[in-house]
Every structure is written in structure tokens, then in C-alpha cells.
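Peer 1: any chance you can model this:
(chains A, B, C and D)
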There are 2 protein chains.
Amino acid sequence: MEIRDLRSLVAVARTGSFTQAAKDLGYTQSAVSQHIANLERTVGRTLLTRRPVRLTEVGSRLAEHAAHVVLRIDVATTELAAIDDETAEVRVAMTPLADSRHIARALRSVRSASTGARMRMVTCSASVALARVASGDCDLALVDGIVASSSPLVLAEAGLLRSFVVGEEELVVVVPDDHPLRGDSIDLDALTDAQWVIAPDLVCSLPELLHLPPSAVAASATATFTFDGTDLMTLLELVAAGHGLALLPRRVCSLVDGVRTLRVRRPNLVNRTELLVLRSAIDRHRTIITALQG
Amino acid sequence: MEIRDLRSLVAVARTGSFTQAAKDLGYTQSAVSQHIANLERTVGRTLLTRRPVRLTEVGSRLAEHAAHVVLRIDVATTELAAIDDETAEVRVAMTPLADSRHIARALRSVRSASTGARMRMVTCSASVALARVASGDCDLALVDGIVASSSPLVLAEAGLLRSFVVGEEELVVVVPDDHPLRGDSIDLDALTDAQWVIAPDLVCSLPELLHLPPSAVAASATATFTFDGTDLMTLLELVAAGHGLALLPRRVCSLVDGVRTLRVRRPNLVNRTELLVLRSAIDRHRTIITALQG
DNA sequence: TCAGCTTACGCCGAGCGTAAATATG
DNA sequence: CATATTTACGCTCGGCGTAAGCTGA
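Peer 2: Numbering: from 1, shown residues only, chains lettered A, B, ... in the order given. I've put the predicted structure just below:
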């Protein structure tokens, strides 16, 4: 069982495609095919169905182990490479809707402490943010997600990463102005059959949120309007045009006309933003972390 | 960074020798040397001192990551190989002084439940027991160690293994009958300068116990009598002959004449025995586990 | 001096890419 | 029929063992 094979398994599982995985990893698609064949030969069982490409039960188990292994290898490499790295640049990977107000302020205080500090920030998906931090491509990840209050957002991954809660925000359902729903609040369970505008790159969908099985997630994804982008204004315009509803933190909903918001009555359901740091890099970024918590 | 290189690093770190690591892994010594050279080249720093072979600071960091990776790879392999494995044999790896009374009884109840059940038991060091369980060579590990009561014995390794406390036993200092120490109890701190018979394969030594730095451990190892064996009777005879003291659970001390025991006054210090199982194999061995806990 | 780690070197196998074959929807 | 994975094949590169070299106790 080789690391490159496990990397390919993780990539195929994530992308759902041999071809895309190969592109991500810088291989030809043929090579990825051989990697998976290697694993399936050593395990003696099918790890993935083809057409569509999906993990089998056994494949899921191995993929979980593989993800841990790959992450730890990346973290180890990053950690050892950072030992005598004196670059002062702070690089932050964040999900598009993560609450960046606090870190923006914290970075100001770093700038005033050391005048030459350079900074870089990039938005991406939560899993990409995690990978960027693990690989040393970024120092900090600021990710958000919908969770029951006080439950963990990301698996803090066996002591490799440490997470700090940056904030929790109220969730609202965004509806068009002319939507029949009245009142100023709503129970999510009443909306399972509603039409949704799903923006997987921007926020998790309702079926995922309610922990429905993958089949239901896939079904709802075809049944509703899917927006493959991270542009918040476009999403809200789609809602205003009546293509469906959206579930968002209230902070981001006042961008366009033609929509109104309903408070979510589901108790303890919030949009949490967390800061992720490699445990081995906590000292290096203590200034920012303490500024965030202060 | 390749798995075989990391395996070699772990083996060299454990054995303190390239040659021995190569034997353990089934390579030539030259190959292991190349593995370490690979790692040192990719990291760009020295991982091990030579003569004597010891981990550097950087090497320790990488070795810890490597141990996690290797363990998880082994566990994944074992887990997937066990999916359609219907052998009824129960294989237990245990440390020599682990309290086996309860598992012996638990295995009786398994035997009466299914008459054809085969069993195998082997004694080895705790780390070997862990490796045997991870590699699927054994199903259960029964390991003991001296700990403060209610603190964990083995790192339950990031969710890969689950541990069950089998029992905690009182610790005693074994002294020759004619030893000047009087009374029936003693404070361990009064014994740091005493002569000890150290049996690293049987029980951890006092300096290790008191969390002294490695230098102190090494120094004491040369200053006292070292017994490289697991034979309890021989150890007690060495104590009786005045070569030094030993720290043991009371249960095992009545084997020879010429020694007496002093209760350890250090509060909360016990010899704990734990059962380790792969999380993925808990269901398979539920009969034994429930019998142990009942 | 000698045990033990490193280096040189040649052979072999493994993995990659190209390209043709195959399968599925 | 189009798209995506598998298989065939050859080339290259990397890793292994053998054996010679080196070095510190």
C-alpha cells in the first residue's frame, strides 16, 4: 500500500472522477487508474464503482484511513519545512461566507506590531482550505459551516490541527418578497419539500444539514436549482427571482432587493466560523490568535 | 516521503540500530541506510545521530508522525483483510505482568459458548503487542503499566484502538529480607538513589516512572543491575541476593523466599492492565469484552 | 582493530505516459 | 455515438543487494 495510491484514492473519492483526480494530482488518468487497481488488488475487493464513480463500503473505510495518512504526511512535511522558515507572510485560506470581521481586525493589530508584515488571503472550499493549511500553502484556515451550537465543526483531526471558535451567527431562510410564507420565523422541518437554490461551493444544502442519506442529497440536487459559484449576490438574485429558497447567516442577506428573511426556529442551529491552525504552528501565530480571542 | 522510508525510521528509532532495524524489516542494512538518507534529503536536516544512533529533535518530530502513519496503514490493511475472515481463533498478545486472570475467565465463557473456539496467547513487550494487533497478527492486546490512577495507559491512538480497563493493582517495592528499610510502607521519592534491578522487558524502571529526562534513565541503567529477560522468578532471586530493589504489583511477589514487600505510599500510583482492540474489531470480539466487564 | 554505517554500482522491477481497446449510458 | 475507464507496451528511473570504503570507540 503506497502513499501515491492512497492520494489517488482520496482525490477520486473527492472529485468523483478519475480524470479530474489525475488533473488535480498532476498525473495522467491512466496512472490514477493503475493506482486504484493497485489498491483493489492488494485489498482484494472493489473500492469504487465506475459510472458513476462512487466509493463502495470497503472503499469508504479505506478512503477514511487514506485521508488521515495523507493529511499527516502533508502536515509532517510542512512542519519540518517550517523549522527554519523565517518568512513573515501570513496566508489565510477561507470559505466564502466565513465571518472574516474578527480576523481582519486581528491582522490589523499584527500589522501595527511589525510594520513589514505581508498578508495574503484566498477563498476556497473548506476541504481545500484544510488541505492548503496541511500542505503549508497557507498558515491559517477560516472555515464556516452550519452546526448545532457547541458541536465541533471540523474533525480537529487527531491532534494535528487546533481549532478556535471565531463566532456563531444566526441562520435565516431567505425567501422572495412575494413568497406565501408569512411571519418572521420558520421551522426547518416544514421546508423539507420546498424548492431550494443549492450553492454547494457557498453553503451546505438543507438535506445535508438534516443528515439525510446521500441518495436524498443527490436527488434533491437534481430536483432544485444548483448554483455552482461563490457569488453571493447572484445567489440572492436567484432567490429573489423565485428559483428557490436559501439558508444563510443573516449577516450576508441584505445585499439585494426583493428578498426577505425568516428566522430559523430550529434551536441551537447556527453558522459557526472557526480558525484552524497546525498545532506545530500555534506559537508562530500566537499574536493573531490572541488578538482574535481578545 | 515513502511509507517504506518511514517504516525504517520507526524501526531504527525503536531499536537504536540500523542493522537491527534491517533485520526486523527484512531488508539489508544498506537499504535501511538509504531509506534514512532519503528522508534526510527530503527534509534537509539530520534525523539521527550515528554512534550512538539516536533521534535528533527534528527526527523525533518526524518519527512521531511516521509511527502514526505506519500504525494506520497497518490497521487499514488488517481491517480490510478481516472483512470476510471467518476464523474463530482468538489471539491475544500480552505483556508478561499483565493481569490475565480476568481474560482467562472471559475466554472460558467464550469456549463454553462456541465449542470449536481455538485460542492463542503470546507474551511480548507493550509496543510489540500494539504492533501485533495493528498488523492483524493478534486480535487483542493485554498490556500493563505503572500509571497514576485514572490517567490513560496507552495513547488510544486517535480512534484507531479502543482500550478497556481490566484492573488496577497495588504497587509494592520488593526488598531483600535483610534490607535496612523498616516498616511496611515507603515513599518512592526516598528511593531515587537506591540500587534497582532494572528489567526493561518486564516493568518500567523508577526513573522512567518519575518522568526523569532520558539522560537520567540512561545513567541509572548503567549504574544498576539490568536484567534483560521476562522471567519473574529470576528477577526476584536477584532482589533476594541484594543486587537491588524492584517495583512490582503485589500479586506477583510471593514466588521466592528471601524477599519482603513494602507498600508504595505514593498516592494514586497503580499498575493498570488494559485490553486493546481495534475499533473496527470490537463487534467481532464483543463476547469477550462483555465477559471481561461483567 | 572491528563493528557498523555509508557509498558505489549494476541489475531488476515498478511506474509512468502514449495509445489502442473497451464499456456504458 | 460520445465519454470515460481499462489495458497494452515500452522506456525510464528508482530501489534493492553486493561489496568496497570509511569512521569512531
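Peer 1: pLDDT averaged over the helix or strand harbouring A:H102 - what is it?
Peer 2: A:H102 is part of helix A:101-113, with elements assigned from DSSP states H and E. Here helix A:101-113 scores 82 as its mean pLDDT.
Peer 1: what's the offset of it from the middle of its chain?
Peer 2: Centroid separation for helix A:101-113 versus its chain: 24 Å, with Cα atoms, centre = their mean, to the nearest Å.
Peer 1: could I get the buried residue list for that helix?
Peer 2: Within helix A:101-113, the residues that qualify as buried are A:H102, A:I103, A:A106, A:L107, A:V110, counting by 16 or more other Cβ atoms under 10 Å in any protein chain shown. Any C-beta I mention is one placed from the backbone N, CA and C, and that applies to glycine too.
Peer 1: same thing with stretch A:256-272?
Peer 2: Result for stretch A:256-272 [16+ other Cβ under 10 Å]: buried residues A:V256, A:V259, A:R260, A:T261, A:L262, A:V264, A:R266, A:L269, A:V270, A:N271, A:R272.
Peer 1: if we can go back for a sec, contacts for the helix holding A:H102, please.
Peer 2: A:90, A:92, A:94, A:117, A:119, A:140, A:142, A:166-167, A:275, A:287-288, A:291-292 (Cβ atoms under 8 Å, 6 or more residues apart in numbering or on different chains).
Peer 1: which of those residues count as buried?
Peer 2: So, by 16+ other Cβ under 10 Å, the buried ones in the contacts of helix A:101-113 are A:V90, A:V92, A:M94, A:L140, A:L142, A:V166, A:G167, A:L275, A:T287, A:I288, A:A291, A:L292.
Peer 1: could I get the pLDDT score of the third one?
Peer 2: Right, the one you point to is A:M94. 91.
Peer 1: one more: A:P214?
Peer 2: Looking at A:P214, its pLDDT stands at 46.
Peer 1: domain assignment for chain A?
Peer 2: Listed domain ranges for chain A are A:3-82, A:89-143+A:274-293, A:168-271 (source: automatic domain parsing).
Peer 1: after the longest strand seen in chain A, which helix or strand is next?
Peer 2: Among the segments of chain A that qualify as a strand by DSSP state E, the longest is strand A:161-176. Sequence order places strand A:185-186 as the next helix or strand after strand A:161-176, per DSSP H and E.
Peer 1: following that following strand, which helix or strand comes up?
Peer 2: strand A:197-198.
Peer 1: okay, which residue is most central for chain A?
Peer 2: A:A126 (2.2 Å; Cα atoms, centre = their mean).
Peer 1: make sure that one is actually in contact with A:G145.
Peer 2: Yes - counting by Cβ atoms under 8 Å, A:G145 is a contact partner of A:A126 at 6.7 Å.
Peer 1: okay, now the closest residue to DNA strand C within the stretch 51-200 of chain A: neighbour count?
Peer 2: Proximity of the stretch 51-200 of chain A to DNA strand C (Cβ to the nearest atom of the strand) peaks at A:R51, 4.4 Å away. Neighbours of A:R51 under the rule other Cβ atoms under 10 Å in any protein chain shown: 5.
Peer 1: that one and A:F18: what is the separation?
Peer 2: 11 Å (Cβ to Cβ, to the nearest Å).
Peer 1: from memory A:D144 sits against A:S125, does it?
Peer 2: No - contact criterion Cβ under 8 Å: A:D144 and A:S125 do not qualify, at 11.3 Å.
Peer 1: which of these two has more neighbours?
Peer 2: A:D144 (25 against 17).
Peer 1: and the helix or strand hosting the more buried one, what's its mean pLDDT?
Peer 2: Using DSSP H and E, A:D144 sits in strand A:140-148. On average, the pLDDT along strand A:140-148 is 85.
Peer 1: how about the buried residues of helix A:101-113 in CSV, adding distance to A:A82?
Peer 2: Formatted as CSV, the buried residues of helix A:101-113 follow (distance: Cβ to Cβ, whole Å):
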residue, distance to A:A82
A:H102, 25
A:I103, 20
A:A106, 21
A:L107, 20
A:V110, 18
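Peer 1: which of those residues sits closest to DNA strand D?
Peer 2: Distances from DNA strand D to those, taken as Cβ to the nearest atom of the strand, are shortest for A:I103 (38.0 Å).
Peer 1: from chain B, how far out is that closest one?
Peer 2: Remark: distance between A:I103 and chain B (Cβ to the nearest Cβ, to the nearest Å) = 28 Å.
Peer 1: got the residue ranges for the strands in the stretch 151-294 of chain A?
Peer 2: Applying DSSP state E, counting those that start in this stretch to the stretch 151-294 of chain A gives strands spanning A:161-176, A:185-186, A:197-198, A:225-226, A:246-249, A:259-264, A:269-278.
Peer 1: any idea which of these has the lowest pLDDT on average?
Peer 2: Taking the mean pLDDT of those, strand A:225-226 comes last: a mean of 76.
Peer 1: which residues does that strand contact?
Peer 2: A:Q195, A:W196, A:V197, A:I198, A:A199, A:P200, A:L238, A:H243, A:G244.
Peer 1: each with direction, which strands does that strand pair with?
Peer 2: Partner strands and pairing direction for strand A:225-226 (DSSP bridges) are strand A:197-198 (parallel).
Peer 1: identify the residues contacting the residue in the stretch 51-200 of chain A that DNA strand D sits nearest to.
Peer 2: DNA strand D sits closest to A:V53 of the stretch 51-200 of chain A, with a gap of 5.0 Å, by Cβ to the nearest atom of the strand. Under the criterion of Cβ under 8 Å, 6+ apart, the neighbours of A:V53 are A:V12, A:G16, A:S17, A:F18.
Peer 1: follow-up on the earlier one: direction included, what does the strand holding A:D144 pair up with?
Peer 2: Strand A:140-148 is paired, per DSSP bridges, with strand A:90-94 (parallel), strand A:269-278 (antiparallel).
Peer 1: then it to CSV, C-alphas only?
Peer 2: Only the C-alpha atoms of strand A:140-148 are listed here, as CSV (Å, rounded to 0.1, in the frame of the first residue of the first chain):
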residue,chain,number,x,y,z
LEU,A,140,-4.5,29.7,8.8
ALA,A,141,-7.9,28.4,7.6
LEU,A,142,-11.1,30.3,8.4
VAL,A,143,-14.0,28.0,7.7
ASP,A,144,-17.7,28.2,8.4
GLY,A,145,-20.4,25.7,8.5
ILE,A,146,-23.9,25.1,9.8
VAL,A,147,-23.8,23.1,13.0
ALA,A,148,-25.7,22.5,16.2
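Peer 1: pLDDT of the longest helix along chain A, averaged?
Peer 2: Secondary structure assigned by DSSP state H gives helix A:57-81 as the longest helix of chain A. Mean per-residue pLDDT for helix A:57-81: 93.
Peer 1: could you give the angle of the helix holding A:H102 to strand A:161-176?
Peer 2: Interaxial angle, helix A:101-113 versus strand A:161-176 (axes from the mean of the first three to the mean of the last three Cα atoms, to 10 degrees): 130 degrees.
Peer 1: packing partners for the helix or strand following helix A:101-113?
Peer 2: Per DSSP H and E, the first helix or strand lying C-terminal to helix A:101-113 is strand A:119-123. In terms of contacts (3 or more Cβ pairs under 8 Å, 6 or more residues apart in numbering or on different chains; DSSP states H and E), strand A:119-123 is packed against strand A:90-94.
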